[in-house]
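J.: predicted model, plus sequence, below.
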Amino acid sequence: MVEQVRVKSMMPPGHVRTPAYLRGKVGVIERELGPFANPEKLAYDLKAEQRMLFRVRFTMEEVWGVRAENPTDTLDAEIYAHWLERV
Amino acid sequence: MPHDHHDHLSPSGHPFREDNDTALSYWQRMEIAVRELMIEKGHITSAEVARQIDAMDARNPANGAAVVARAWVDPAFKEHLLKDASVASRDMGFDIGPLNLIAVENTGQVHNLIVCTLCSCYPRNLLGLPPDWYKTRAYRSRAVIEPRSVLREFGLDLSDEVQVRVHDSTADMRYIVLPSRPDRTDGMDEAALAKLVTRDSMIGTGLPLTP
C-alpha cells in the first residue's frame, strides 16, 4: 500500500533538516531508512534521541503547483518521522 | 613605475590576479587556533593533519567510476549496489567511512539528479570534493525548481517522455547516480568502461562519455 504523508507546516527556530519548500506538501513514502540521531539536537551537542528517517517522494506539481516545469517529475527528500503526519 | 599596469594584463597576456592576502575570517582564525592548541597539547601532530588532507585530496571521481563500471558488467553487483550502495562499495574495497550511500539508476525512462538544497552534502568519500557550482545557491535552488532548465544548461536536453527525479540530500544519506551504459560499448572491459564515467554523470548533470 502506498503510504501518503504530509510534511508538517512547523517553523521552529534552530538547525532543522526539513526544507522549508516542502513544508505542508503531501508525498508518498519511497522507503524507510531506519533510525538516525535527531540532527536538531545533535547540532547543539545535546543528547540526541533516535528518530526514524524516511525518503518521501513528491510530484513537482505538488511542490510547485502550476509553476512546475513538468508536473509528473518527482522530488525525493529525507524527512524525519516527527515532521510527518499521515494523510 | 615598473608595476603600473594600465590594462591589467601581465606581459604574458594574462590578467593580474589579486593577492590572496585579506584578513582571516573568524572561523579561519578559530580553525588555526584549535589546530595549533591540539598539536601543542600532543593530541595530534602536524604530520597527521597533512596526511589527512592528502587522503581527502586523493579521493576523486575515479572511485565512483569504478563502482559504476562494475555495475555495468556485473548484474549481481548492480542489484547489490541498488539495494545497499554503502555495503556494495565497501565490498569493492573502497574505504567510504560512515557514508550512507544510495545509488539511483538512470534508465531510458528515468533521469536522476542529485542536489543538497540545505548545504552541500556530497558523497565525498566516493567522489572526492564537490565541484564549486554544486555548492552555489543558484544550483541548489534551481535544481529543485527547474531541473530541466538546469540540465539543458549542462547540455542535456531531455524529452518529456523521460521522467526527471531530483534527490535532495536533506539528512543522513548521500547519493550517486548510476548512469545508463552507453551504446556501442559491448566489447569493452571494466577498466575501459570506467574511463567513460564522468563526475557529472554520477551527479546527474551529465551523461557518460561515448567511445
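T.: Arrived safely. Numbering: from 1, shown residues only, chains lettered A, B, ... in the order given.
J.: can you list the residues of chain A near chain B?
T.: Applying CB under 8 Å from any CB of the partner chain, we find that chain A lies next to chain B at A:17-19, A:21, A:33, A:36, A:39, A:53, A:55, A:63-64, A:67, A:69-70, A:72-80. C-beta here means a position set from N, CA and C on the backbone, and glycine is covered the same way.
J.: contacts for the strand ranked longest in chain A next, please.
T.: Ranked by number of residues, the top strand in chain A under DSSP state E is strand A:26-37. Residues from elsewhere that reach strand A:26-37, judged by CB atoms under 8 Å, 6 or more residues apart in numbering or on different chains: A:2-7, A:48-59, A:62, A:76, A:78, A:80, A:87, B:100, B:171-173.
J.: just the buried members of the residues you listed?
T.: Taking 16 or more other CB atoms under 10 Å in any protein chain shown as the criterion, what is buried in those is A:5-7, A:51, A:53-59, A:62, A:76, A:78, A:80, B:100, B:171-173.
J.: what about the closest residue in space to residue B:157 that isn't next to it in sequence, which SS state?
T.: Setting aside the residues directly before and after it, residue B:157 is nearest to residue B:151 in space (CB to CB, 6 or more residues apart in numbering or on different chains), at 7.5 Å. Under DSSP: H, G, I helix; E, B strand; the rest coil, residue B:151 falls in the helix class.
J.: name the element the nearest residue to residue B:94 once chain neighbours are set aside belongs to?
T.: The shortest distance from residue B:94 to any non-neighbouring residue, by CB to CB, 6+ apart, is to residue B:63 (5.5 Å). Here residue B:63 sits within helix B:61-73, counting by DSSP states H and E.
J.: give me the pLDDT for residue 5.
T.: Using chain A. The model reports residue A:5 with a pLDDT of 98.
J.: ah, no, chain B please
T.: We have a pLDDT of 49 for residue B:5.
J.: could you do residue B:80 as well?
T.: With respect to pLDDT, residue B:80 has a value of 97.
J.: any idea how far residue A:40 is from residue B:68?
T.: Computed as CB to CB, to the nearest Å, the residue B:68 to residue A:40 distance reads 35 Å.
J.: residue B:12 and chain A, how far apart?
T.: Distance of residue B:12 to chain A, given as CB to the nearest CB, to the nearest Å: 45 Å.
J.: just to revisit the earlier point, if we go by neighbour counts, what in the longest strand of chain A is buried?
T.: Neighbour counts over strand A:26-37 (16+ other CB under 10 Å) mark A:26, A:27, A:28, A:29, A:30, A:33, A:36 as buried.
J.: nothing else from me, thank you.
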